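Visitor: When you get a sec, could you give me coordinates for this:
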Amino acid sequence: MSDKQTEQKISAMKEGGAVLSLVLKELVDMAIPGVSLLEIEARAQKRIKEAGMKPSFSTVADYKWATCLCINDVIVHGIPSEYRVKEGDVLTIDIGLIHKTYHTDTAWTKVIRAPGSTYETPKRVEKFLQVGLDALTEATKQARNGNRVGHISKVIQDIVEGSGYGIAKSLVGHGVGTTLHEPPQIPGYLKGSIEKTPPLTTGMTIAIEVIYTMGNPAMIYLDDGWSIATRDHSLSSVFEHTVAITDGDPVILTPLLSAKG
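Guide: Model (predicted):
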């Protein structure tokens, strides 16, 4: 890919990522007690269409939704349903869109609470979610020309496992661009030496995902054929950025915006 093509790709993904971040913020803010997962999905579809863009996840074979909505012990690929969220639920919203043929992908986890509620999130849950955000923040800093995938993986593993949590090792981040899932895989743990992991070079765009569990990371598929949950029913969470690698600092294409809750 020429320098001009790379510039055009990153520019388009920056535009798409800005819209995606706004959509994600709206979905996070609307997720209050009594709202159904299908209502969140409908809002996502509506906002993406209004922006003149398309949902990324609908490009996955047999997946017809714009979002993956994961409650409590569901780690990834939770399908929208009639379930109405309750105060204290832990909800992960994972969403992607296509703009000018390029995909961006992002995810955020929140605790459900009513506006003005006196509900206090348990300290152990607050800590759990903060560790995921910290891991994503620090891992993103490693997305630099000259580094390798293993630099990202090691930071995630050190922070998550160092805090006593589990990493869902068969679920990974990925390259992202003209398709939703591209090489290289971006694991949340380091297997072997950093030097043997793929290099990171200017122009690459990747989705860095912190996919982790409060308890044992062993997983099971649920009956819907999509949702993957923790075997021990412990809480799970995902935080994700799409990031561009440049000659300088990493460029976060899906910046996290201030969100209620």
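Visitor: quick one, phi psi at residue 80?
Guide: phi -60, psi 140 (degrees, to the nearest 10).
Visitor: And for residue 209?
Guide: phi -120, psi 130.
Visitor: what is it paired to in the beta sheet?
Guide: Judged by DSSP bridges, the bridge partners of residue 209 are residue 240.
Visitor: tell me the mean pLDDT over the longest helix seen in the chain?
Guide: Longest helix in the chain by number of residues, with DSSP state H as the criterion: helix 3-30. Taken as a whole, helix 3-30 has a mean pLDDT of 95.
Visitor: I'd like to know which elements that helix is packed against.
Guide: In terms of contacts (3 or more CB pairs under 8 Å, 6 or more residues apart in numbering; DSSP states H and E), helix 3-30 is packed against helix 37-50, strand 90-99, strand 102-111, strand 205-213, strand 236-244, strand 251-252. All C-beta atoms are positioned from the backbone trio N, CA, C, and that covers glycine.
Visitor: Please compute how far the last one lies from its chain's middle.
Guide: Going by CA atoms, centre = their mean, to the nearest Å, the spacing between the C-alpha centre of strand 251-252 and its chain's C-alpha centre is 14 Å.
Visitor: what's the spacing between the residue nearest to residue 199 when sequence neighbours are not counted and residue 195?
Guide: Distance criterion CB to CB, 6 or more residues apart in numbering; nearest residue to residue 199, sequence neighbours excluded, is residue 148 at 5.4 Å. Residue 148 sits 7 Å away from residue 195, going by CB to CB, to the nearest Å.
Visitor: Which one's more surrounded, these two?
Guide: Shown here are residue 148 and residue 195; by other CB atoms under 10 Å, residue 148 has more neighbours (19 against 8).
Visitor: So for the more buried one, what's the pLDDT?
Guide: Reported pLDDT for residue 148: 98.
Visitor: mind listing the helices in the stretch 51-200 of the chain by residue range?
Guide: Residue ranges of the helices in the stretch 51-200 of the chain, as given by DSSP state H, counting those that start in this stretch, are 123-140, 149-162.
Visitor: any idea which of those helices is most buried?
Guide: helix 149-162 (a mean of 22; mean count of other CB atoms under 10 Å).
Visitor: relative orientation of that one and helix 123-140 in degrees?
Guide: On the basis of axes from the mean of the first three to the mean of the last three CA atoms, to 10 degrees, helix 149-162 is oriented at 170 degrees to helix 123-140.
Visitor: The residue nearest to residue 199 against residue 197, yeah?
Guide: Yes: using CB atoms under 8 Å, residue 148 makes contact with residue 197 at a distance of 4.6 Å.
Visitor: The longest helix of the chain: which residues count as buried?
Guide: 6, 9-10, 12-21, 23-28 (16 or more other CB atoms under 10 Å).
Visitor: could you measure residue 223 against residue 79, distance?
Guide: Residue 223 is 11 Å from residue 79, by CB to CB.
Visitor: now this protein, which segments are flagged as low pLDDT?
Guide: By pLDDT under 70, the low-scoring segments of the chain are 257-261.
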